[in-house]
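>>> sequence and computational prediction follow.
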Amino acid sequence: MILTDLIFMKHELMITLILFILLFIKVGSKEWKNESVLNLVNILLFINFVVGFCCNQTGVLFSEMFRTTGLVIVEKNMLNLGTLIISLQSYTWLKRHKHVLEFYMLLLSTLLGMFCMVSAGNLLMFYLGLELSTIPLAALVNFDLDKRKSSEAAFKLIISSAFSSGLLLFGISLIYGTTGTLLFSQLATSITGNPLQIFAFILFIAGFSFKISVVPFHLWTADVYEGAPVSVTSYLSVISKGAVLFVFVSVLYTVFKPLAATWYNVLFILSVLTMITGNLFAIRQTNLKRFLAFSSIAQVGFILIGISGSSQAGAASVVYFVLIYIFSNLGAFGVISLVSAITGKETIEDYKAFYKTNPLLSWILAIALFSLAGIPPTAGFFGKFFLLLAGAAHGNYVLITIASLNMIISLFYYLKVIKAVFMDANEAPIERLIIPLLPKIALFICVAGIVLTGLMSVIYEYIYSLSIGF
């Protein structure tokens, strides 16, 4: 019985074990070299990723506060994969940093919180996981202690996170006051749609919208992305956002299922505003981190369309798209991270004629941007196709038409970057960069993921089969 319970929580226990190993190294008398620490951590993260596929069992613990399903296991494995890729990409930056162990302890603490959040079957458990994943993240954003922008970004993240957490906690209190329970399974039959519950639902939507950068709750995103180190920015845009999206789908499809007609209209408005705002502001950006910030906002608009489907296909399309988004966004951020760590350059202007000196990195960046734009045969095309297909289940072709037009707009600003890389002239392009082994492995994983995830239909079919509960 105890062994079974431990297997239910193996993802959380593995992260906790790695945290303790890093803590023992930190307090030990011997000081480790950065390269040794990085190699050890990457090996541990790889073992953690592999263990995620072994001896999987489903069930509930602690009176349904903690639950493990087939879909939850896949979601955690995706977050593990994304974290491993980010760790590999961070090698060049971290090997010159003074606080490598602290970085990984904060990073894995946030990941542990996300795992608790994804497995939550109780609103209180969800909130505790949310706070555990958010507070260390603010410290990571401020990890470049000598840069003022990093401190400003951390302050903005703390303020916006505190406000959104307060909204969520207020909504949880109202839900508990009107139903007398916090369990997802019981709330699904206790929500009646009375005024207090509608108000609580609005608070939930607002709180979640802050976390995933939905317009008009997105104002912190670009500044935080620009001020944070590139590796932290990629973690924010992919891992943090992906975990919250997983929970968002679970809460809407279970707790607020009786209010589906209401939240469909809300998601319709929010998705349109988010797509249009993200795309229009992305066109104006010159800094690549701000550019990808508004790109990620626009991508969330498409994800909301898939969620609005309120079906098994809707849940599957969101999880499938997050997997594709991990490969695509980390492919782009991987190149930017490497260039930033070596040269400090982060603007689109800096990347003019980048292809002449760095053809391999240029093609990786182009493939990642093609996938983000949804150009076939990259995985991004199939991801957006399934999102739109799920959203079309309600027969709202106005929403699908708006989304299609926004995909055309997004082509302009993605191709603007590709034009700078391959076609524009530059008298002093970025010098030829030597790619270390670990970042090179991470980039090839991203490219392989972008190609294979779209072409191998079995991946979507497997995720769809696990989404049967929705």
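Sure thing, it's come through. Numbers count the residues shown, from 1 in each chain.
>>> what's the burial count for Gly28?
Neighbours of Gly28 under the rule other Cβ atoms under 10 Å: 9. C-beta here means a position set from N, CA and C on the backbone, and glycine is covered the same way.
>>> and what of Ser190?
Applying other Cβ under 10 Å, we find 15 residues neighbouring Ser190.
>>> ok, now Ile459?
Ile459 - counted by other Cβ under 10 Å - has 19 other residues nearby.
>>> so which residues of the stretch 201-350 of the chain form helices?
Shown for the stretch 201-350 of the chain, the helices assigned by DSSP state H, counting those that start in this stretch span residues 221-227, 230-235, 241-250, 260-283, 288-308, 312-343.
>>> what's the following helix or strand after the last one?
This points to helix 312-343. Downstream of helix 312-343, the next assigned helix or strand under DSSP states H and E is helix 354-357.
>>> present the helices of the stretch 201-350 of the chain as a markdown table; the columns should include mean neighbour count, distance to Ala368 and mean pLDDT.
Formatted as a markdown table, those follow (neighbours: other Cβ atoms under 10 Å; distance: least, Cβ to Cβ, whole Å; pLDDT from 0 to 100):
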| stretch | mean neighbour count | distance to Ala368 | mean pLDDT |
| --- | --- | --- | --- |
| helix 221-227 | 24 | 16 | 85 |
| helix 230-235 | 27 | 11 | 87 |
| helix 241-250 | 24 | 16 | 91 |
| helix 260-283 | 19 | 15 | 88 |
| helix 288-308 | 26 | 10 | 89 |
| helix 312-343 | 25 | 3 | 88 |
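>>> these into JSON lines, with extra columns for distance to Phe370?
Below are the helices of the stretch 201-350 of the chain laid out as JSON lines (distance: least, Cβ to Cβ, whole Å):
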{"stretch": "helix 221-227", "distance to Phe370": "21"}
{"stretch": "helix 230-235", "distance to Phe370": "18"}
{"stretch": "helix 241-250", "distance to Phe370": "21"}
{"stretch": "helix 260-283", "distance to Phe370": "16"}
{"stretch": "helix 288-308", "distance to Phe370": "13"}
{"stretch": "helix 312-343", "distance to Phe370": "9"}
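>>> and the ones you listed: which comes nearest Ile172?
Between Ile172 and these, the tightest spacing by Cβ to Cβ is seen for helix 241-250, at 12.9 Å.
>>> which neighbouring elements make contact with that closest one?
helix 70-89, helix 100-118, helix 123-141, helix 195-212, helix 288-308, helix 312-343 (3 or more Cβ pairs under 8 Å, 6 or more residues apart in numbering; DSSP states H and E).
>>> the longest one to helix 241-250, inter-axis angle?
When you say that, I think you mean helix 312-343. Angle of helix 312-343 versus helix 241-250, following axes from the mean of the first three to the mean of the last three Cα atoms, to 10 degrees, is 170 degrees.
>>> pLDDT at the closest residue to Leu137 other than its chain neighbours, what is it?
Distance criterion Cβ to Cβ, 6 or more residues apart in numbering; nearest residue to Leu137, sequence neighbours excluded, is Thr110 at 4.9 Å. Looking at Thr110, its pLDDT is 93.
>>> what of Gly469?
The pLDDT attached to Gly469 in the predicted structure is 66.
>>> show me where this protein dips below the pLDDT cut-off.
The model of the chain has pLDDT under 70 over residues 1-5, 29, 469-470.
>>> center of it - which residue?
Central residue of the chain (Cα atoms, centre = their mean): Val238, 2.5 Å from the mean position.
>>> that one contacts Gly82, doesn't it?
Yes: using Cβ atoms under 8 Å as the test, Val238 is close enough to Gly82 to be in contact (5.3 Å).
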